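> For reference, the sequence and a predicted model appear below.
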Amino acid sequence: MMMKRFFASLLIMCCALSYGAPVFAQVAKKIPADKQRAAQWQPAKGQYYFSHSLVYDYENKADQTKGTITIYLDPVSGGMCFKKENSFGKGGKDFDFVIGFPDGKYIFCGADENGKKMRINEAVGALKLGPDTKAQAREDFSTYWAATGNKRDDFGFESLEYNVSFATSENKDTVWLAKTPFNVYPLYGLEFVESAVAMPISFDYMHLLEPNQLVAEINSKDTILKLKSFGRDPQTVSTKGYPVFKTE
């Protein structure tokens, strides 16, 4: 019986490897809603509550910039909030903050060229991957991402290390991916939003990684990125004072 279980486990692992997906040993535990969320999370009134934050240290060697990036998270909905002062900075000078959701909905709150407050609602279809796109993503991952076998714990998330190669370059990156209990596509989807917001480091992994694969570290020729903290960091933002922008 034990021998059968061994071969069954081995078969499952081999199938996962051939599929091109990372093999995580642990199941990421869901993060429960805290007591404040019931009162603070009121989307119908334009109020959103984020109980946790992801904080990265980064260095963009090409632009010769470095600093920290803070991303606020609602673990229940998977919603994320990006603020001008500690997230996208000069990469979105017209906006005070951006809220993104796993379904591709984004809310941009800021001011127009005349200083008048405005709110722009956008929907990014790229967050809903079709079967062909998913198949291509799996093929690309299995082709260019090679697991090193190294594992670690990043603030309660199991992380795996990969050596990443490229079809058009001889450069190789080292990337750590953390398995999360929440959807990280709101972060990756910012790359596809037409409004003028850009993070200081590219998170262009929308059509490559699974929705629960968070980039925890990057070491490359042009980029250094490291997740330095994850934990409770309650924030409440309101879109109420930002009227919806209407085009002529």
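Looks like it arrived, so ask away.
> switch to C-alpha atoms for all contacts and neighbour counts from now on
Will do.
> So what's the residue count around residue 32?
Using other C-alpha atoms under 10 Å, residue 32 has 9 neighbouring residues.
> try residue 113
7.
> Quick check: closest non-adjacent residue to it.
residue 94 (7.9 Å; C-alpha to C-alpha, 6 or more residues apart in numbering).
> Tell me where the model's unsure across this protein.
By pLDDT under 70, the low-scoring segments of the chain are 1-27, 126-127, 194-196, 247-248.
> Give me the sheet partners of the lengthiest strand in it and which way each runs.
Using DSSP state E, we find that the single longest strand of the chain is strand 223-238. Strand 223-238 pairs in its sheet with strand 47-60 (antiparallel), strand 213-219 (antiparallel), by DSSP bridges.
> With mean neighbour count added, can I get those strands in a markdown table?
Formatted as a markdown table, the strands paired with strand 223-238 follow (neighbours: other C-alpha atoms under 10 Å):
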| stretch | mean neighbour count |
| --- | --- |
| strand 47-60 | 20 |
| strand 213-219 | 21 |
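> nearest to residue 229, of these?
Residue 229 lies closest, by C-alpha to C-alpha, to one member of the strands paired with strand 223-238: strand 47-60, at 5.2 Å.
> Can I get that closest one in PDB? Just the C-alpha atoms.
Output in PDB follows, covering the C-alpha atoms of strand 47-60 (Å, rounded to 0.1, in the frame of the first residue of the first chain):
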ATOM      1  CA  GLN A  47     -15.500  53.600   0.600                       C
ATOM      2  CA  TYR A  48     -12.900  50.900   0.500                       C
ATOM      3  CA  TYR A  49     -10.900  49.300   3.300                       C
ATOM      4  CA  PHE A  50      -7.500  47.500   3.000                       C
ATOM      5  CA  SER A  51      -6.300  45.600   6.000                       C
ATOM      6  CA  HIS A  52      -2.800  44.600   4.800                       C
ATOM      7  CA  SER A  53       0.100  45.900   2.800                       C
ATOM      8  CA  LEU A  54       2.900  44.500   0.600                       C
ATOM      9  CA  VAL A  55       6.100  46.500   0.900                       C
ATOM     10  CA  TYR A  56       8.900  46.100  -1.600                       C
ATOM     11  CA  ASP A  57      12.400  47.600  -1.800                       C
ATOM     12  CA  TYR A  58      13.500  48.300  -5.400                       C
ATOM     13  CA  GLU A  59      16.300  49.600  -7.500                       C
ATOM     14  CA  ASN A  60      15.800  50.500 -11.200                       C
END
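> where exactly do the helices run in the protein?
Taking DSSP state H as the criterion, the chain carries its helices at 2-19, 37-40, 131-144, 185-188.
> circling back to that earlier point, which positions in the longest strand of the chain come out as buried?
For strand 223-238, burial by neighbour count (16 or more other C-alpha atoms under 10 Å) applies to 223, 224, 225, 226, 227, 228, 230, 234, 235, 237.
> Same check on stretch 140-159?
For stretch 140-159, a neighbour-count test (16+ other C-alpha under 10 Å) marks 140, 141, 142, 145, 146, 147, 151, 154, 157, 158, 159 as buried.
> Among the residues you listed, give me the pair with the biggest separation.
Based on C-alpha to C-alpha, the longest span within the buried residues of stretch 140-159 runs between 140 and 154 and measures 25.4 Å.
> got TSV for the strands paired with strand 223-238, with distance to residue 164 too?
Listed next are the strands paired with strand 223-238 as TSV, based on distance: least, C-alpha to C-alpha, whole Å:
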stretch	distance to residue 164
strand 47-60	18
strand 213-219	10
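> Which of those strands sits closest to residue 176?
That would be strand 213-219 among the strands paired with strand 223-238, by C-alpha to C-alpha, at 5.0 Å.
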